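Novice: any chance you could fold what I've pasted below:
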Amino acid sequence: MDAQEDQKRAPKLFDTVLGVVSYVLIGIAIISFFYLLPSTIADFKIIKDIPTDQYLLFNFKLSSGIFILIIAGVAFASIIAVGTFFVKLKMFPKGFTGKTSIPYFRYFSLYVLVQLIFSALVAYFIPSISKEFPYNTPFSAQNYFISSSILFSTILLDFVPIVIALCVYLVLTGKFSLSNLLKYEVRNNNMLLIAFILAIIISALEGGPIIILISDLFITFVLNIIIIKFGFFKGFLSYFTLSLAGIAESAISSFNPFLSLVIYIVLLILGFLGIYSLFSMEMLAQKPMRNKSVNQDLGSYHQENKIESPRRERNLPRIDLFVRSSCPNCGNTSFHVLNNMTLKCSKCEYELDKEAMGPPNITIEYRRNLGI
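Specialist: Got it, this is the predicted structure:
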């Protein structure tokens, strides 16, 4: 019993640490952006002289009006992204989830881990990259260049291609509708395939040295998975948080090395939590196979011993509904069966289609009331 209790206590402790560290890093990024914002606006004369195609996808004349509009867009997106943790909207179940954010934090920690690994590799093979644009500009200007680049690239290079790919996927599977597009239920294997193919295309279009291409490939791949599973704003927040935390770490290091070290330690902790998340999700992915093996063994035993199930003897109408053992949105294991045979999570009210979640490890038998 003590061993079982320890096993149950460990995931809860991990989730608590993961949530606290993630919120701290998000807070650092948001505070950094708004703290530097007055200086960013004051440096408009410096910023407008930089060609926009160096940090955005196309070149245009940056007027003061467009400059303010872009800053307002970044500020709005960051505020809404943080609000997704506290506001729950049934229309956007993957984005606005209320307080059930631990599944997202697991993938966010993986994103941090991938970023840390490839940032170190890029810095090792291309040491001069830290002196290139935009890192050779003042921190107030970096605040604009990096945050605006994040907003445009997340929309145009991540979100839009994903929406197009999902539309094609839903059309090919005969399930295209606005409701399905908003929820975009995709089987895990198909989700990984879509995310990886799009990452390859985007990385190839951006070009650069081979180490940059490999780095962009894996970072974009993880970011695409986050957007597909948790919505645009969670994807934007992941990219925004890590980039702005990097600016904060660099800015603080010049006058307070201790605080800079704290930020870096927070990043490392999230990175190690990402490793734990990776192994945890791999173990969860193996559970359906283990349960399937057990069910096959039981079926063989019944056949060999000519044991018939009571439900077969009664010959009642029966529908088997296959689902995973936990809600993909909040991790809850209790569901309500709706009339259309979809499942509704009893905790976060997330609805699961019977064929949406991939390999089964639970069979729920539904029987009509025949008055017997």
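Novice: for the residue nearest to residue 56 when sequence neighbours are not counted, the count of nearby residues, please.
Specialist: Nearest residue to residue 56 in three dimensions, chain neighbours excluded: residue 152, at 5.2 Å (Cβ to Cβ, 6 or more residues apart in numbering). Backbone N, C-alpha and C define where each C-beta goes, glycine included. For residue 152, the count of nearby residues is 18 (other Cβ atoms under 10 Å).
Novice: residue 336 now?
Specialist: So residue 336, with other Cβ under 10 Å, has 11 neighbours.
Novice: what's the answer for residue 36, then?
Specialist: Neighbourhood size, residue 36 [other Cβ under 10 Å]: 23.
Novice: ok, the one 3 residues further on next?
Specialist: Close neighbours of residue 39, defined as other Cβ under 10 Å, add up to 14.
Novice: tell me which helix or strand residue 144 sits in.
Specialist: Here residue 144 sits within helix 139-153, counting by DSSP states H and E.
Novice: which elements pack onto the very next helix or strand once past that helix?
Specialist: Where DSSP H and E defines the elements, the next helix or strand beyond helix 139-153 is helix 160-172. Helices and strands touching helix 160-172, as assessed by 3 or more Cβ pairs under 8 Å, 6 or more residues apart in numbering; DSSP states H and E, comprise helix 178-183, helix 188-206, helix 210-230.
Novice: what mean pLDDT does the last one get?
Specialist: Taken as a whole, helix 210-230 has an average pLDDT of 91.
Novice: that one versus helix 188-206: what angle between them?
Specialist: For helix 210-230 against helix 188-206, the angle by axes from the mean of the first three to the mean of the last three Cα atoms, to 10 degrees is 140 degrees.
Novice: which strands and helices sit next to helix 210-230?
Specialist: helix 102-125, helix 160-172, helix 188-206, helix 232-253.
Novice: in three-state terms, label residue 86 for me.
Specialist: Assigned with DSSP: H, G, I helix; E, B strand; the rest coil, residue 86 falls in the coil class.
Novice: and residue 134, by the same measure?
Specialist: When classified by three-state DSSP, residue 134 comes out as coil.
Novice: so it touches residue 141, yeah?
Specialist: Yes. Using Cβ atoms under 8 Å, residue 134 makes contact with residue 141 at a distance of 6.9 Å.
Novice: may I have the helix holding residue 144 exported as PDB, CA atoms only?
Specialist: Coordinates of each C-alpha in helix 139-153 appear next as PDB, following Å, rounded to 0.1, in the frame of the first residue of the first chain:
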ATOM      1  CA  PHE A 139      16.800  45.400 -25.300                       C
ATOM      2  CA  SER A 140      13.800  47.800 -25.800                       C
ATOM      3  CA  ALA A 141      14.100  47.300 -29.600                       C
ATOM      4  CA  GLN A 142      14.600  43.500 -29.200                       C
ATOM      5  CA  ASN A 143      11.300  43.600 -27.300                       C
ATOM      6  CA  TYR A 144       9.500  44.800 -30.400                       C
ATOM      7  CA  PHE A 145      11.500  42.900 -33.100                       C
ATOM      8  CA  ILE A 146      11.200  39.500 -31.300                       C
ATOM      9  CA  SER A 147       7.600  39.800 -30.100                       C
ATOM     10  CA  SER A 148       6.300  41.100 -33.400                       C
ATOM     11  CA  SER A 149       8.100  38.300 -35.200                       C
ATOM     12  CA  ILE A 150       6.600  35.800 -32.800                       C
ATOM     13  CA  LEU A 151       3.100  37.100 -33.500                       C
ATOM     14  CA  PHE A 152       3.400  37.100 -37.300                       C
ATOM     15  CA  SER A 153       5.300  33.800 -37.600                       C
END
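Novice: who touches it?
Specialist: 32-33, 36-37, 39-40, 42-43, 46-47, 50, 54-57, 67, 70-71, 73-74, 77, 133-135, 137, 236, 239-240, 243-244, 247, 250-251 (Cβ atoms under 8 Å, 6 or more residues apart in numbering).
Novice: comparing the helices and strands packed on helix 160-172, which comes out most buried?
Specialist: Highest mean neighbour count among the helices and strands packed on helix 160-172 (mean count of other Cβ atoms under 10 Å): helix 210-230, with a mean of 20.
Novice: residues contacting residue 107?
Specialist: By Cβ under 8 Å, 6+ apart, residue 107 lies in contact with 222, 225, 226, 229, 230, 277.
Novice: same check on residue 15?
Specialist: Neighbouring residues of residue 15 by Cβ under 8 Å, 6+ apart: 102, 105.
Novice: let's verify it: helix, strand, or coil?
Specialist: Residue 15 ends up helix, using three-state DSSP.
Novice: please report the distance of residue 140 from residue 36.
Specialist: 5 Å (Cβ to Cβ, to the nearest Å).
Novice: how is this structure divided into domains?
Specialist: Domain assignment for the chain by automatic domain parsing gives 14-283, 308-372.
Novice: among those domains, which gets the worst mean confidence?
Specialist: domain 308-372 (a mean of 58).
Novice: quick one, what contacts residue 262?
Specialist: Residues near residue 262 by Cβ under 8 Å, 6+ apart: none.
Novice: change the start of the numbering to 54 and stick with it
Specialist: In the new numbering, first residue 54, that becomes residue 315.
Novice: out of the helices and strands packed on helix 213-225, nearest to residue 77?
Specialist: With Cβ to Cβ, the closest approach to residue 77 among the helices and strands packed on helix 213-225 belongs to helix 263-283: 19.0 Å.
Novice: and the angle from that closest one to helix 213-225?
Specialist: Counting by the same axes, to 10 degrees, helix 263-283 lies at 50 degrees to helix 213-225.
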